[in-house]
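Participant: sequence and computational prediction follow.
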Amino acid sequence: MKFLVFPAVDDRTLAALQAAAPDAIIANVRTEREAVEAIRNADGMYGNLTPRLLEAATRLRWVQTPIAGLEHYMFPALAASDVTLTNMRGIYSDAIADQAMGYVLMFARGLHVYVRRQLRSEWRGGVPVVPLAGATMGVVGLGGIGTEVARRASACQMRVVATNAVPVEKPDFVDQLWDSSGLDELLAASDFIVSCVPHTPDTVRLFDADRIARMKRSAFLINISRGVVVDLAALTEALTAGTIAGVALDVFETEPLPPDHPLWSMENAILTPHVAGADPGVGGRRLAVVCENLRRFVSGESLTNVVDKRRWC
């Protein structure tokens, strides 16, 4: 069995891959030209599959991506092929959930306002407090990240409601779970709403002006999924009009957010530069996923994190 790695990985990673599949021939190549030659008789691959590489492949059966979100990875020929695609779903779940709950706690205790007052040396209280116990957390997308957000919210004694596009088993710490048709009901019920959906053809501008208008005036929207999920212009208008209480964004339709964008100066907005997934343990988790799937592949076992290529997730 031949396994292509492109772009080439370091010696430690290569040694781990070889240990996972001692009998495999592993081609660790640096250039696309080398990869085109190597993929001709490769059975599996880890790394960046391009249309040129897929066209050159003659017996490729499996590709492991090094990333979780696939909106920039998928292309028509890959989606139409019979190649099994697996991603890195799950390696960021706890880190991103922690960031989401960090935003929730800031809003609940008014810290997003007090930190700005600190910068002005302003000693003044009075920011409204939102008790988390009894408040409703709405999780849009109960996948790996959404499940961890829900788990943390439940630990804060929040009522948790959620939606998910495909059927999943409802965890004990989730009070109500709907399919995607329940999104409007979730929006109307929630005090905090966290978007955890992937970027798919169905989630572009999922939060448009109409959906944002369905939220409570006292509710906070948090997006730690993908920037295209939230219509930024509609969101900015809602914040300006005061039709929602606040927003926390780690991802944006346009990145970086332009320096003259009005969100920068809004007191009820928390903005971070696409850093929610930062975690020193991510590299080790990524390696563990590819090694386990490589072991499973050569053993003929079912792979983990198999992607529905039509939905990009």
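Facilitator: Now that the structure is in, tell me what you want to look at. Residues are numbered from 1 along each chain as shown.
Participant: who's in contact with the residue nearest the centre of the chain?
Facilitator: Nearest to the mean C-alpha position of the chain, by CA atoms, centre = their mean, lies residue 225 at 4.3 Å. Residues in contact with residue 225, defined by CB atoms under 8 Å, 6 or more residues apart in numbering, are 141, 145, 195, 196, 197, 198, 199, 203, 251. Quick note: C-beta positions are derived from backbone N, CA and C, even for glycine.
Participant: just residue 67 next, same as before
Facilitator: 73, 87, 88.
Participant: so which strand or helix has residue 36?
Facilitator: For residue 36, the host element (DSSP states H and E) is helix 32-39.
Participant: actually residue 275, not the one I wrote
Facilitator: Following DSSP H and E, there is no helix or strand that holds residue 275.
Participant: any idea how far residue 102 is from the closest residue to it other than its chain neighbours?
Facilitator: The shortest distance from residue 275 to any non-neighbouring residue, by CB to CB, 6 or more residues apart in numbering, is to residue 250 (6.6 Å). To residue 102, residue 250 is 10 Å away according to CB to CB, to the nearest Å.
Participant: do residue 157 as well
Facilitator: Residue 157 is 18 Å from residue 102, where distance means CB to CB.
Participant: number of nearby residues for the residue nearest to residue 57 when sequence neighbours are not counted?
Facilitator: In space, and not counting its chain neighbours, residue 57 is closest to residue 39: 4.8 Å by CB to CB, 6+ apart. The local packing of residue 39 (other CB atoms under 10 Å) involves 28 other residues.
Participant: surely residue 39 touches residue 56?
Facilitator: Yes. The pair residue 39 / residue 56 is scored as a contact, 5.4 Å apart, by CB atoms under 8 Å.
Participant: ok, which stretches of the chain are strands?
Facilitator: Remark: strands assigned in the chain by DSSP state E are 2-6, 25-28, 44-47, 62-64, 84-86, 136-140, 159-163, 176-178, 192-195, 220-223, 246-249, 269-271.
Participant: redo those strands as JSON lines? Include distance to residue 259, mean neighbour count and mean pLDDT.
Facilitator: JSON lines is the format used below for those (distance: least, CB to CB, whole Å; neighbours: other CB atoms under 10 Å; pLDDT from 0 to 100):
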{"stretch": "strand 2-6", "distance to residue 259": "37", "mean neighbour count": "24", "mean pLDDT": "98"}
{"stretch": "strand 25-28", "distance to residue 259": "41", "mean neighbour count": "18", "mean pLDDT": "98"}
{"stretch": "strand 44-47", "distance to residue 259": "35", "mean neighbour count": "24", "mean pLDDT": "98"}
{"stretch": "strand 62-64", "distance to residue 259": "38", "mean neighbour count": "24", "mean pLDDT": "98"}
{"stretch": "strand 84-86", "distance to residue 259": "38", "mean neighbour count": "20", "mean pLDDT": "98"}
{"stretch": "strand 136-140", "distance to residue 259": "29", "mean neighbour count": "28", "mean pLDDT": "98"}
{"stretch": "strand 159-163", "distance to residue 259": "35", "mean neighbour count": "24", "mean pLDDT": "98"}
{"stretch": "strand 176-178", "distance to residue 259": "39", "mean neighbour count": "17", "mean pLDDT": "98"}
{"stretch": "strand 192-195", "distance to residue 259": "24", "mean neighbour count": "27", "mean pLDDT": "98"}
{"stretch": "strand 220-223", "distance to residue 259": "20", "mean neighbour count": "27", "mean pLDDT": "98"}
{"stretch": "strand 246-249", "distance to residue 259": "15", "mean neighbour count": "24", "mean pLDDT": "98"}
{"stretch": "strand 269-271", "distance to residue 259": "11", "mean neighbour count": "18", "mean pLDDT": "98"}
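Participant: cool, thanks, talk later.
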